[in-house]
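S.K.: pasting the structure only:
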DNA sequence: CTGGTCTCCTGATCGC
DNA sequence: TGCGATCAGGAGACCA
């Protein structure tokens, strides 16, 4: 906050999306299909701007300049946004895609912000104003960290989708990925394949509480480092050691000792305890009696 | 409109 | 030691 962007280096144009790029510009749409991306202007990426504030919704982080322009970063799976102190330079790494060089208000060097993403599922979006951000975020559901039971109930109402598939949909809840969906469903005692609309009020309330809890625990532990995840200062997380089900298919349930089952839900590997998360558990009782 | 499937990409890991 | 096959997954595109 308060730092000025002195310059930016874009090593891969196709991780950056500006208005006018093809189709929302994600994944294969980026700079492909014979569409020539519009020329990137330095101001698009905040050069000359002072950082006014940052904001976050779900998995998206916005760095907002005093001009009103902003840069939105999504880390995908393998993305990292890290801060380098003045004097140190980013590695000559093929996966470093964007480097911002910062100055303080006196014009002294103030380090660099580096976006690195080996698998490039993440990206950087240049947005011209707050309205553009609001349009994007209007498509996101409530943030998982503060999710209430009634918000979740609204997101699950009427859907026949498996509750896990719904949790992974950022339009239902923003910020829940595969690890935390499995962990939350386990804590709530809900089978991942249960149709969303079948959950009764108590189950939805438990699930919302479990989502808040696993996200908070994950943040406190510095995240889950499965392979190479590190935070903005290069520190690995420890939450992977606290996983109750994720990545533990075939192992013993921490609650009942039974064997955890592996299954596929929404194209994602999923692990659940068939005893603690019974199919049909948490179900709304059918009307009539 | 809803929900399911395909696809992008690279590094780690495994079997031979 | 080398090498190909396999797996992992966020979310947009695409399709029934």
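M.R.: Thanks, I have the structure now. Remember, predicted model here, so these are calculated numbers, not experimental data. Numbers count the residues shown, from 1 in each chain, chains lettered A, B, ... in the order given.

S.K.: For the residue nearest the centre of chain A, give me its contacts.
M.R.: By CA atoms, centre = their mean, chain A has its centre lying nearest to residue A:59, at 2.7 Å. Neighbour list for residue A:59: A:74, A:75, A:170, A:174, A:175, A:177 [criterion: CB atoms under 8 Å, 6 or more residues apart in numbering]. To be clear about C-beta, it is placed using only N, CA and C from the backbone, and glycine gets the same treatment.

S.K.: Next step: those restricted to strands.
M.R.: residue A:74 (DSSP state E).

S.K.: between the contacts of residue A:59, which is nearest residue A:216?
M.R.: Closest approach between the contacts of residue A:59 and residue A:216, by CB to CB: residue A:175, at 11.3 Å.

S.K.: Is that closest one in contact with residue A:143, as I believe?
M.R.: Yes. With contact defined as CB atoms under 8 Å, residue A:175 reaches residue A:143; the gap is 5.6 Å.

S.K.: Which neighbours do those two have in common?
M.R.: Contacts common to residue A:175 and residue A:143, judged by CB under 8 Å, 6+ apart, are A:57, A:58.

S.K.: Which parts of the stretch 101-250 of chain A are helices?
M.R.: A:130-138, A:149-156, A:163-168, A:178-188, A:201-220 (DSSP state H, counting those that start in this stretch).

S.K.: and the second one with helix A:201-220, angle?
M.R.: So that's helix A:149-156. 100 degrees (axes from the mean of the first three to the mean of the last three CA atoms, to 10 degrees).

S.K.: Please name every helix or strand in contact with helix A:149-156.
M.R.: helix A:163-168, helix A:201-220 (3 or more CB pairs under 8 Å, 6 or more residues apart in numbering; DSSP states H and E).

S.K.: could you give me the average pLDDT of the shortest one?
M.R.: I take that to be helix A:163-168. Across helix A:163-168, pLDDT averages out at 96.

S.K.: Which residues does it contact?
M.R.: With contacts defined as CB under 8 Å, 6+ apart, helix A:163-168 is touched by A:155-156, A:159, A:172-173, A:176-178, A:181-182, A:184-185, A:190, A:192-196, A:199, A:207, A:211, A:265-266, A:268, A:270.

S.K.: Do it and DNA strand B come into contact?
M.R.: Yes. Using CB under 7 Å from any atom of the strand, helix A:163-168 reaches DNA strand B at residue A:165.

S.K.: For the stretch 101-250 of chain A, what lies in contact range of DNA strand B?
M.R.: A:118, A:119, A:120, A:121, A:158, A:159, A:160, A:161, A:162, A:165, A:227, A:228.

S.K.: Mind listing what's buried along stretch A:261-281?
M.R.: Buried residues in stretch A:261-281, counted by 16 or more other CB atoms under 10 Å: A:261, A:263, A:265, A:266, A:270, A:271, A:272, A:273, A:275, A:276, A:277.

S.K.: Could you pull up phi and psi at the second one?
M.R.: For residue A:263, the backbone dihedrals (degrees, to the nearest 10) come out as phi -150, psi 180.

S.K.: Residue A:240 against residue A:217, yeah?
M.R.: No. The pair residue A:240 / residue A:217 is not scored as a contact, 11.8 Å apart, by CB under 8 Å.

S.K.: Between these two, point out the one with more neighbours.
M.R.: Counted by other CB atoms under 10 Å, residue A:240 and residue A:217 do not tie: residue A:240 has more neighbours, with 18 against 14.

S.K.: Quick check: closest non-adjacent residue to that one.
M.R.: Spatially, and ignoring its direct neighbours in sequence, residue A:240 is nearest to residue A:224 (4.5 Å; CB to CB, 6 or more residues apart in numbering).
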